[in-house]
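Peer 1: My questions concern the predicted model and sequence given below.
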2 protein chains.
Amino acid sequence: MPKKYKKKLDYSFTQGVYPTIELLTHKPEAVQQVFIHPNSTKNSGIDKIKHLCRKNRIRLEQTVQIFNRLKSPQNTYAIAFFDKYTESLSATEDHVLLMQPSDMGNIGTTIRTMLGFGCNQLAIIRPAVDVFHPKAVRASMGALFQIQVQYFESFREYREQFQDHHLYFYTLEDGNDSESAKMQTPATYVFGNEGEGIPHMYLEEGTAVQIPFETQKIDSLNLSVAIGIALHQRYIQKTS
Amino acid sequence: MPKKYKKKLDYSFTQGVYPTIELLTHKPEAVQQVFIHPNSTKNSGIDKIKHLCRKNRIRLEQTVQIFNRLKSPQNTYAIAFFDKYTESLSATEDHVLLMQPSDMGNIGTTIRTMLGFGCNQLAIIRPAVDVFHPKAVRASMGALFQIQVQYFESFREYREQFQDHHLYFYTLEDGNDSESAKMQTPATYVFGNEGEGIPHMYLEEGTAVQIPFETQKIDSLNLSVAIGIALHQRYIQKTS
């Protein structure tokens, strides 16, 4: 086994008890093997990991070596290797679409926020960060395993596959106020990347919306904060 | 000059053209010296830095050494050393209060979000991250220099100094819906830290509010996402 994760590998791994439980609970069929640390006995989640491994006939090993070899952060008590998998998005549910996202932390936080606000379909336009990177898995705190993710080579490819979705482009200017915008379903919530925003040529295919803020003070909101605000507004509308 | 930033030093530094311009614009009196990289000539912000240094009689030097010594990220074209300063919060304006925040990225993002939503008073209860750490300055993209920050040794110390503020505790359960809560001014928006939330003993001194989400799916929202949602709601109410 290599020491470092690489994008081209067909497997990845979780680090930590909580994301490992999430993986074993929601994607047991993808798990290759689980490792627990000898110092982990007092951690209350370890029993749950043992139970889930027994139930799903997954090999469990207690060793310290793999933790050292992967240079895991301190207090990492569980690691699970799993096969990467591909998924297809639903044609009827709402999507979040990220254009070429480049920040590992933002994508992890976004996935976690999506799960919290009941939106579990994520489209990503390449080139983009790898959601299976151990850092992204960790930042999502295992929420990744409950979210459907599909990558597309271009926005065109996405659009051809999902022609019925109403596109809402979150822009920094000239958009409708996101507060009062009535979203039609199925909706796609489109966010530009951290640097460049959304190419103007796409805007006419949907509705531009914006989250108001003091534009003379800051250039833009942090991407995962903006997504949080948008998905919170959606959640409030759906549940009220 | 030491190679690494340390919390006990009485100075810190910006890394990058944008945060350096923010520093020179909003806190010129704190600046000791500015360095620009020899490869920076094509960066449009460099002229602005030169102008601001001339105007404020601040020493400007072109050199590559300091960039190497501080192991600055690639494409860092400006560094400014500045004296750390202390500030006092306003008795009449709204505050954000963070209990023992421990994540450098979250604090930087929070400061930036505060500025974007017109709330520029930040109280921090120790032990806590250092807002002057170069990573926090960088994560705030220089927004730090437009936000008043005051540290307190305890919540008690804060409360004694600001007795007239109405406290709104953002909790994970048993709170009023943040959407419908009517905030009285001056308000303090209180957020627990990433791990532990808010001690129950404080709750009776104010109003518990919560941002609704799928609690059976995730334990909590990311701290900077939660703050973003709360400050966005405040901004909408103030401006509509």
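Peer 2: On my side now, so go ahead.
Peer 1: Wait, A:T207 touches A:D177, no?
Peer 2: No. Contact criterion Cβ atoms under 8 Å: A:T207 and A:D177 do not qualify, at 11.6 Å. All C-beta spots, glycine's among them, are computed from the backbone N, C-alpha and C.
Peer 1: more crowded one of the two?
Peer 2: Between A:T207 and A:D177, counting by other Cβ atoms under 10 Å in any protein chain shown, A:T207 is the more crowded of the two (18 against 12).
Peer 1: mind listing the helices for chain A?
Peer 2: With DSSP state H as the criterion, chain A has helices at A:17-26, A:45-55, A:65-69, A:104-116, A:134-139, A:155-161, A:200-203, A:223-239.
Peer 1: which one of these lies closest to A:A181?
Peer 2: Nearest of the helices of chain A to A:A181, taken as Cβ to Cβ: helix A:223-239 at 8.7 Å.
Peer 1: What residues sit buried inside that closest one?
Peer 2: Judged by neighbour count (16 or more other Cβ atoms under 10 Å in any protein chain shown), helix A:223-239 contains these buried residues: A:223-236.
Peer 1: what bits of chain A have low per-residue confidence?
Peer 2: Low-confidence segments of chain A (pLDDT under 70): A:1-3.
Peer 1: Show me what from it comes close to chain B.
Peer 2: Selection of chain A residues close to chain B by Cβ under 8 Å from any Cβ of the partner chain yields A:105, A:109, A:112-113, A:115-118, A:141, A:143, A:146, A:179, A:211-214, A:217-219, A:221-222, A:224-226, A:228-229, A:232, A:235-236, A:239.
Peer 1: before we move on, back to that, if we take the buried residues of helix A:223-239, which one ends up nearest to A:I36?
Peer 2: Minimum distance to A:I36 across the buried residues of helix A:223-239 is 31.0 Å, recorded for A:S224 (Cβ to Cβ).
Peer 1: Surely that closest one is in contact with A:T113?
Peer 2: Yes. Between A:S224 and A:T113 there is a contact at 6.7 Å, judged by Cβ under 8 Å.
Peer 1: per-domain residue ranges of chain A.
Peer 2: The record's domain parsing of chain A by automatic domain parsing lists A:11-83, A:95-239.
Peer 1: Reformat those domains as a markdown table; add distance to B:M99.
Peer 2: Listed next are these as a markdown table, based on distance: least, Cβ to Cβ, whole Å:
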| stretch | distance to B:M99 |
| --- | --- |
| domain A:11-83 | 22 |
| domain A:95-239 | 20 |
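Peer 1: what's the most buried one of the ones you listed?
Peer 2: Counting by mean count of other Cβ atoms under 10 Å in any protein chain shown, domain A:95-239 has the highest mean neighbour count of these, with a mean of 19.
Peer 1: roughly how far is that domain from the heart of the chain?
Peer 2: On the basis of Cα atoms, centre = their mean, to the nearest Å, domain A:95-239 sits 11 Å off its chain's mean C-alpha point.
Peer 1: quick revisit: the domains of chain A: which one's closest to B:F162?
Peer 2: Nearest to B:F162, of all the domains of chain A, is domain A:95-239, at 24.2 Å by Cβ to Cβ.
Peer 1: can you tell me the distance between the two ends of the closest one?
Peer 2: Terminal residues of domain A:95-239 lie 18 Å apart, using Cα to Cα, to the nearest Å.
Peer 1: Report back the residue of chain A that's furthest from centre.
Peer 2: Centroid-distance maximum for chain A: A:Q216 at 31.1 Å, with Cα atoms, centre = their mean.
Peer 1: Can you tell me which residue sits nearest the middle of chain A?
Peer 2: The residue lying closest to the centre of chain A (Cα atoms, centre = their mean) is A:I111, at 3.1 Å.
Peer 1: Would you check that that residue makes contact with A:S140?
Peer 2: Yes. At 4.1 Å, A:I111 counts as touching A:S140 under the criterion of Cβ under 8 Å.
Peer 1: A:V225 touches B:L223, doesn't it?
Peer 2: No. In this structure, A:V225 is not within contact of B:L223 by Cβ under 8 Å, at 10.7 Å.
Peer 1: Overlap of the contact sets of A:I111 and A:S140?
Peer 2: Contact criterion Cβ atoms under 8 Å, 6 or more residues apart in numbering or on different chains; residues shared by A:I111 and A:S140: A:131, A:147.
Peer 1: Looking at strand pairing, list the partners for the nearest residue to A:Q32 once chain neighbours are set aside.
Peer 2: Sequence neighbours aside, A:F81 is the residue nearest to A:Q32 in space, at 4.3 Å (criterion: Cβ to Cβ, 6 or more residues apart in numbering or on different chains). Note on A:F81: beta-bridge partners by DSSP bridges are A:F13, A:Q33.
Peer 1: From A:E61, how far out is A:F81?
Peer 2: Taking Cβ to Cβ, to the nearest Å as the measure, A:F81 falls 11 Å from A:E61.
Peer 1: A:T171 now?
Peer 2: Counting by Cβ to Cβ, the separation of A:T171 from A:E61 is 50 Å.
Peer 1: now swap in A:H26 and tell me
Peer 2: 22 Å.
Peer 1: same question, A:Q148
Peer 2: A:Q148 sits 31 Å away from A:E61, going by Cβ to Cβ.
Peer 1: go on, A:Q32?
Peer 2: For A:Q32 relative to A:E61 (Cβ to Cβ), the value is 11 Å.
Peer 1: Then A:V96?
Peer 2: Counting by Cβ to Cβ - A:V96 and A:E61 are separated by 37 Å.
Peer 1: again, but for A:D164
Peer 2: Distance, A:D164 to A:E61, by Cβ to Cβ: 48 Å.
Peer 1: Over to A:S140?
Peer 2: 25 Å.
Peer 1: for A:M183, same thing?
Peer 2: Distance, A:M183 to A:E61, using Cβ to Cβ: 48 Å.
Peer 1: Ok, A:T25 next?
Peer 2: Separation of A:T25 from A:E61 (Cβ to Cβ): 20 Å.
Peer 1: Pretty sure A:A208 is one of the things A:D174 touches, is it not?
Peer 2: Yes. Contact status for A:D174 versus A:A208: in contact at 6.1 Å, counting by Cβ under 8 Å.
Peer 1: A:P28 against A:R54, yeah?
Peer 2: No. A:P28 is not in contact with A:R54 according to Cβ under 8 Å; the separation is 11.4 Å.
Peer 1: quick revisit: now the common contact residues for A:F81 and A:E61.
Peer 2: Counting by Cβ under 8 Å, 6+ apart, the residues touching both A:F81 and A:E61 are A:33-34.
Peer 1: Backbone dihedrals for the closest residue to A:L167 other than its chain neighbours, please?
Peer 2: Nearest residue to A:L167 in three dimensions, chain neighbours excluded: A:G206, at 2.7 Å (Cβ to Cβ, 6+ apart). Main-chain torsions, A:G206, degrees, to the nearest 10: phi -160, psi -150.
Peer 1: and the gap between A:G206 and A:G195?
Peer 2: Between A:G206 and A:G195 the computed distance is 21 Å (Cβ to Cβ).
Peer 1: A:E22 reaches A:I147, doesn't it?
Peer 2: No. Using Cβ under 8 Å, A:E22 is not in contact with A:I147; the gap is 10.8 Å.
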